[in-house]
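Trainee: Structure for the following, please:
(chains A and B)
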Amino acid sequence: MQRGTGPPVELPGFTGPLDLLLYLVQKNDVSIYDIPIALVCDQFHDHVEAMEELDLEVAGEYLWMAAWLLQLKSKMLLPRVREGEEDPREELVERLLAYRRVKVLAAMLHDRDVVRRLLWSPAVAATFVPQETEVDWEDVDLRLLARTYLDAMQRFRAAHPPPLTVAPLRFRLRDTMRRVYGTVSREGSMALLRDLHSRADSEEVVVLVVATLELVRLGAVCVDQRRPFAEIYLRPGSKPLDEGRLSLEEEARGA
Amino acid sequence: MAPDELRAAVAAIVLTAGGPVRAGAIAEAVDQADVDEAAVEAVLAELGDRWSEPGSGMRLERVAGGWRAATPPELDPYLRAYHGVAARQRLSQAALEVLAIIAHRQPITLPEISFLRGVGSGGVVRTLLERRLIRLAGRKAVVGKPFLYRTSKEFLVHFGLDRAEDLPDPEELMGEERGGIAN
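Mentor: Down below sits the predicted model:
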């Protein structure tokens, strides 16, 4: 059920385009404040091309960076029009500086992780732990709370299943068949569509249609329609409606 | 209360607490007129000294606003052999970067984290949530109401920090290196 949370997939060596860029700056031993964009841009492209089988999302981030570098490269080729014009590299420098701070802090956390991964704290046997463990509010997060709520609701639903509601039977096929048969044999014919249109209840309409079909099948009535969509007339069929058979079929159908 | 008895009680509580325990909580549990938080702090400091001597299998450390008993790192091989468990998984570089960002700039949203790293970080954040190193801390009142993340108590314990603010400033960590590059 749980979605797999394996170790995050990383490119060999680099955790992202900024990481790669920072590496290139350091490898070329250039100042982060004065990056030779043309050089770095070409090297960045070479690296991205060498990275085969990039997963699409990650590849997109590298390609976005590559495109940005290309844009900067072309801007750097243009002469500065005005004095004191903003260096096009400024935003890139800021992002690299911010990212370098992240890396420095991450390196410090890494050093601590290496040692502190090895620490063990005394484990108290479960029998000594009170059943109602006190939860520190720091440990409560929204996810935990939401999951607990969903669990509770699920338990509640399992313990209180909704009652079965049985809708009362409003129209019986047998009664409708008798009525239609009665009308047809008494009056010689019956306009089915007119009758259907006069009824507002869709359930009643369905039962009436089924009853008619059933009567036709049994040969108790026959139908007559001059052309498509014209009125359908019901007329007496070749066989009388067999009451005994009607009851039997009803029973067999379980109605 | 006799000093020996207090020392024993403090050691027993710290060893069975299962996490960082505050001096104030120990004083409350002992419940003696002559034992206040300061007295417990003094006993804890003394206990910490005793446990840090060579030959001691347990250390006392100040983390997450309390005191916690933990084994010295060099005993890990014996403990793993006895308990029959593999070495604990190292945190990935991506996980460390996300932790660094959250620790330094909390509370912070996922889009902000991803922007700083230049790479989508949703999967890493989810893994860190599962490992309980970070926690949700409400939503930011901007379009889309993204979740805000903070480091957890577990983070402080794992990295041996008393408070999140005790993390060194990255600028300080870089020190002269930065000046060198700036020129």
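
Trainee: On the three-state scheme, residue A:87 is what?
Mentor: When the structure is reduced to helix, strand and coil (DSSP: H, G, I helix; E, B strand; the rest coil), residue A:87 reads as coil.

Trainee: so what's it closest to, chain neighbours aside?
Mentor: residue A:93 (8.0 Å; CB to CB, 6 or more residues apart in numbering or on different chains). Heads up, the C-betas are built off the backbone N, CA and C, glycines and all.

Trainee: Give me the three-state assignment for residue A:200.
Mentor: Here residue A:200 takes the coil state, with states given by three-state DSSP.

Trainee: thinking again about what came up before, pretty sure the residue nearest to residue A:87 contacts residue A:37?
Mentor: No: shown here, residue A:93 and residue A:37 do not form a contact pair, counting by CB atoms under 8 Å, at 10.8 Å.

Trainee: ok, residue A:178 - contacts?
Mentor: A:241, A:246 (CB atoms under 8 Å, 6 or more residues apart in numbering or on different chains).

Trainee: ranges for the strands of chain A?
Mentor: Taking DSSP state E to define them, one finds strands in chain A at A:190-191, A:221-224, A:233-236.

Trainee: low-confidence ranges in the chain?
Mentor: With no chain named, the answer covers chain A. Where chain A drops to pLDDT under 70, the residues are A:1-12, A:52-58, A:82-83, A:125-140, A:245, A:247-255.

Trainee: wrong one, I was asking about chain B
Mentor: In the predicted model of chain B, residues B:175-183 satisfy pLDDT under 70.

Trainee: And it, what are its domain boundaries?
Mentor: Structurally, chain B divides into domains by automatic domain parsing as follows: B:3-76, B:93-182.

Trainee: Those domains: which one's closest to residue A:164?
Mentor: The stretch from the domains of chain B with the least distance to residue A:164 (CB to CB) is domain B:93-182; that distance is 40.4 Å.

Trainee: Now that we have the strands of chain A, can you turn them into TSV and tack on distance to chain B and mean neighbour count?
Mentor: Putting the strands of chain A into TSV (distance: least, CB to the nearest CB, whole Å; neighbours: other CB atoms under 10 Å in any protein chain shown) gives the following:
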stretch	distance to chain B	mean neighbour count
strand A:190-191	61	16
strand A:221-224	62	18
strand A:233-236	63	18
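
Trainee: thinking again about what came up before, may I see the domains of chain B arranged in JSON lines, with mean neighbour count as well?
Mentor: JSON lines is the format used below for the domains of chain B (neighbours: other CB atoms under 10 Å in any protein chain shown):
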{"stretch": "domain B:3-76", "mean neighbour count": "16"}
{"stretch": "domain B:93-182", "mean neighbour count": "18"}
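
Trainee: Select, out of the ones you listed, the one closest to residue A:44.
Mentor: Taking CB to CB as the criterion, residue A:44 comes closest to domain B:93-182 out of the domains of chain B, the separation being 12.3 Å.

Trainee: Tell me the gap between the closest one and the middle of its chain.
Mentor: 14 Å (CA atoms, centre = their mean, to the nearest Å).

Trainee: Break chain A into its domains for me.
Mentor: As assigned by automatic domain parsing, chain A contains the domains A:17-79+A:87-115, A:173-253.

Trainee: Show me which of residue A:93 and residue A:37 is the more surrounded one.
Mentor: When residue A:93 and residue A:37 are compared for neighbours, residue A:37 comes out ahead with 21 against 16, by other CB atoms under 10 Å in any protein chain shown.

Trainee: surely that one meets residue A:74?
Mentor: No: the pair residue A:37 and residue A:74 fails to qualify as a contact (CB under 8 Å) at a distance of 9.4 Å.

Trainee: do you know how far the residue nearest to residue A:87 is from chain B?
Mentor: Distance, residue A:93 to chain B, using CB to the nearest CB, to the nearest Å: 11 Å.

Trainee: Contact partners for that residue?
Mentor: For residue A:93, the residues meeting the contact criterion (CB under 8 Å, 6+ apart) are A:32, A:33, A:35, A:87.

Trainee: Go again with 10 Å.
Mentor: Residues in contact with residue A:93 (CB atoms under 10 Å, 6 or more residues apart in numbering or on different chains) are A:25, A:31, A:32, A:33, A:34, A:35, A:87.
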